[in-house]
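Trainee: just a sequence and a predicted model for now, questions to come.
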Amino acid sequence: MSCSTSIKSLLDIQDVNIIVDENCVKEGTYKGKRCKYISGKLSYIPTHCVKCGVKNTDFTVYKNGTQLSRITLPMTGINPTYLLLKKQRFMCQTCQCSFTAKTPIVQRNCFISQNVKAQVILKSAEAQSLTSIARDCSVSPPTRSTSNLPSRKTIYPALKNTT
């Protein structure tokens with residue numbers, strides 16, 4: 001098993017389109033706190049344009065640079081962990097629209113990973129304050145209390161019988 005595969009396994013990144021290089025873990029600071037940054041790249045060949053739906057034949061949809069996203073991951077040890085993900089941008093020759101590569105790690109226009117959201121929901125079942133949950137999961141208290149977080153039952157279907 002390569003080092004990049006081990007890092008992806010440790011961070012529970014299951015998307016095969018995300019590539020992390022050797023020596024991708026760096027220490028730094030964010031908002032005055034020590035943290036760990038993992039750098040990676042998300043790229044693939046799209047089958048069609050997501051805007052107009054035209055099939056990608058003869059490179060009608062081509063690569064058009066990258067967009068850097070800082071995605072909040074579950075904490076490793078005592079440090080907050082962020083994935084600096086270079087998402088591939090694509091351009092469609094038919095409709096002249098551009099779009100960004102997608103990954104199941106995060107929802108569209110969101111920078112908090114699904115694993116962190118699941119962690120917040122599980123911790124909310126315990127007797128903890130919103131501030132404590134937010135601090136433990138490296139999110140802000142308003143993020144914890146927003147209604148866009150899915151319920152525990154949608155993240156862990158096996159919990160349906162326990163509630």
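Mentor: Right, received. Where do you want to start? Just so it is clear, the structure is predicted and the values come from calculations on it, not from any experiment.
Trainee: may I see the buried residues of the longest helix anywhere in the chain?
Mentor: Taking DSSP state H as the criterion, the chain has its longest helix at helix 114-124. Neighbour counts over helix 114-124 (16 or more other CB atoms under 10 Å) mark 114-121, 123-124 as buried. To be clear about C-beta, it is placed using only N, CA and C from the backbone, and glycine gets the same treatment.
Trainee: could you point out which element follows that helix?
Mentor: As assigned by DSSP states H and E, the chain's next helix or strand after helix 114-124 is helix 130-137.
Trainee: report the rounded mean pLDDT for that next one.
Mentor: For helix 130-137, the mean per-residue pLDDT is 80.
Trainee: for stretch 89-102, same thing?
Mentor: Averaging pLDDT along stretch 89-102 yields 92.
Trainee: now that stretch: how far from the chain's centre is it?
Mentor: Relative to the chain's own centre, stretch 89-102 is displaced by 21 Å; criterion: CA atoms, centre = their mean, to the nearest Å.
Trainee: just the terminal-to-terminal distance for it.
Mentor: In stretch 89-102, first residue to last residue: 10 Å (CA to CA, to the nearest Å).
Trainee: in it, which residues are buried?
Mentor: For stretch 89-102, using 16+ other CB under 10 Å, the buried residues are 90-92, 99-102.
Trainee: just put the buried residues of helix 114-124 in TSV and tack on pLDDT.
Mentor: Converted to TSV, the buried residues of helix 114-124 look like this (pLDDT from 0 to 100):
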residue	pLDDT
Gln114	87
Asn115	85
Val116	85
Lys117	85
Ala118	83
Gln119	82
Val120	82
Ile121	81
Lys123	79
Ser124	79
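Trainee: let me know the closest of those to Lys63.
Mentor: Gln114 (25.8 Å; CB to CB).
Trainee: hmm, Thr103 and that closest one touching each other?
Mentor: No - between Gln114 and Thr103 there is no contact under CB atoms under 8 Å: 9.8 Å.
Trainee: thinking again about what came up before, JSON lines please, covering the buried residues of helix 114-124 and showing distance to Asn64.
Mentor: Output for these, formatted as JSON lines (distance: CB to CB, whole Å):
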{"residue": "Gln114", "distance to Asn64": "27"}
{"residue": "Asn115", "distance to Asn64": "29"}
{"residue": "Val116", "distance to Asn64": "29"}
{"residue": "Lys117", "distance to Asn64": "30"}
{"residue": "Ala118", "distance to Asn64": "33"}
{"residue": "Gln119", "distance to Asn64": "34"}
{"residue": "Val120", "distance to Asn64": "34"}
{"residue": "Ile121", "distance to Asn64": "36"}
{"residue": "Lys123", "distance to Asn64": "40"}
{"residue": "Ser124", "distance to Asn64": "40"}
